[in-house]
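**Q** mind folding the following:
(chains A, B, C and D)
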2 protein chains.
Amino acid sequence: MLSKRTKYGLKALTFIAKQDKENPVQIATISKEENISHKFLESILLSMRKAGFLGSKKGKGGGYYLLKDADKIQMSDVIRLLEGPIAMLPCVSLNFYERCDDCPDETKCSVHALMIEVRDATLEILKNKTLADLVADIS
Amino acid sequence: MLSKRTKYGLKALTFIAKQDKENPVQIATISKEENISHKFLESILLSMRKAGFLGSKKGKGGGYYLLKDADKIQMSDVIRLLEGPIAMLPCVSLNFYERCDDCPDETKCSVHALMIEVRDATLEILKNKTLADLVADIS
DNA sequence: TGTATTCCCTACTTATCCGATAGGGTTTAA
DNA sequence: TTAAACCCTATCGGATAAGTAGGGAATACA
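**A** Below is the predicted model of the structure:
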């Protein structure tokens, strides 16, 4: 299950991407329009800024804006930042690998093999989907 | 992330499917061989029995056995039982649908559209994968 | 220069759920 | 009759998610 953190983050990104690139979007605006708790959203946007997806401007007229073009922002990257691993098991995760305590040999684990298939299919979608696609989907 | 419950359940099912169909497999055996807590496994097998995947026999020489042929047991069904929804968001779940508090209109939600794609891809794999395939994968 | 605006940062709370454990009860083969 | 095995309910500790609190720092603009 996707956390609300990730869901809100994606919605916020989409919202920002829809706006003029020139003037930044305020937390309060997104919070109101997308029905997201102001403070919670704040922490989400902050982490996306730190990760280099967003830039920010303080003071009056400030807010958040995209640092890259929307079609250069892959969903896989955003989700990895906000959610963590895309794989359904740590032992099949590419970026967050961890071995299982109970498995003496991963290659002999039926679940392992299955989950690699699922991971690859999911990744295929999330890599080829950009923020620009998301904006287009709802327009 | 797949819960241990589901992972253990799948491993146990695979283990049972590997055995002779005639004599039932004991919890203790699976627990030992697959390094799963005995009591925890007990509750998992119980729910799979109640769901109709497994049959059981009490008393000495008892244990669990498959009620259907392994190639008739779809991964999507097992996962839905043990894990719950396959979708990454309640609002795109086929079997556990729930609407989002924050979305006035699902069709206008960028995340919604994306997660439907992911769900369909995942489902495609899990529906076509049977317990028989899992056994074959590790043999 | 002052003030309102806006983002920045840390810490805390609260609820929920997962994984596991405890402790019996019931059925059955031998 | 007895030991093996499943059946059932209750409980618990720890982790995590979601949201809250409260102030700090930078900036535009009058």
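
**Q** spell out which residues make up each domain of chain A.
**A** Per the record, chain A has its domains at A:4-66, A:71-138, by automatic domain parsing.

**Q** export those to a markdown table and tack on mean neighbour count, distance to B:Tyr97 and mean pLDDT?
**A** C-beta here means a position set from N, CA and C on the backbone, and glycine is covered the same way. Below are these laid out as a markdown table (neighbours: other Cβ atoms under 10 Å in any protein chain shown; distance: least, Cβ to Cβ, whole Å; pLDDT from 0 to 100):
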| stretch | mean neighbour count | distance to B:Tyr97 | mean pLDDT |
| --- | --- | --- | --- |
| domain A:4-66 | 17 | 16 | 96 |
| domain A:71-138 | 17 | 20 | 97 |
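
**Q** save the ones you listed as TSV, and put in distance to B:Leu89 too.
**A** Shown next, in TSV, are the domains of chain A (distance: least, Cβ to Cβ, whole Å):
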stretch	distance to B:Leu89
domain A:4-66	7
domain A:71-138	12
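
**Q** surely A:Pro85 meets A:Ser93?
**A** Yes. Shown here, A:Pro85 and A:Ser93 form a contact pair, counting by Cβ atoms under 8 Å, at 4.2 Å.

**Q** helices of chain A, start to end?
**A** Ranges of helices in chain A, per DSSP state H, are A:4-18, A:27-34, A:38-50, A:75-82, A:110-128, A:131-137.

**Q** near DNA strand C, which residues of chain A?
**A** Residues of chain A lying close to DNA strand C (Cβ under 7 Å from any atom of the strand) are A:24-28, A:39, A:42-43, A:45-46, A:49-50, A:56-64.

**Q** skip the chain neighbours and tell me the closest residue to the residue of chain A most remote from its centre.
**A** The C-alpha centroid of chain A is most remote from A:Pro104, which lies 33.2 Å away (Cα atoms, centre = their mean). Once flanking residues are discounted, A:Pro104 sits nearest to B:Asn35: 7.9 Å by Cβ to Cβ, 6 or more residues apart in numbering or on different chains.
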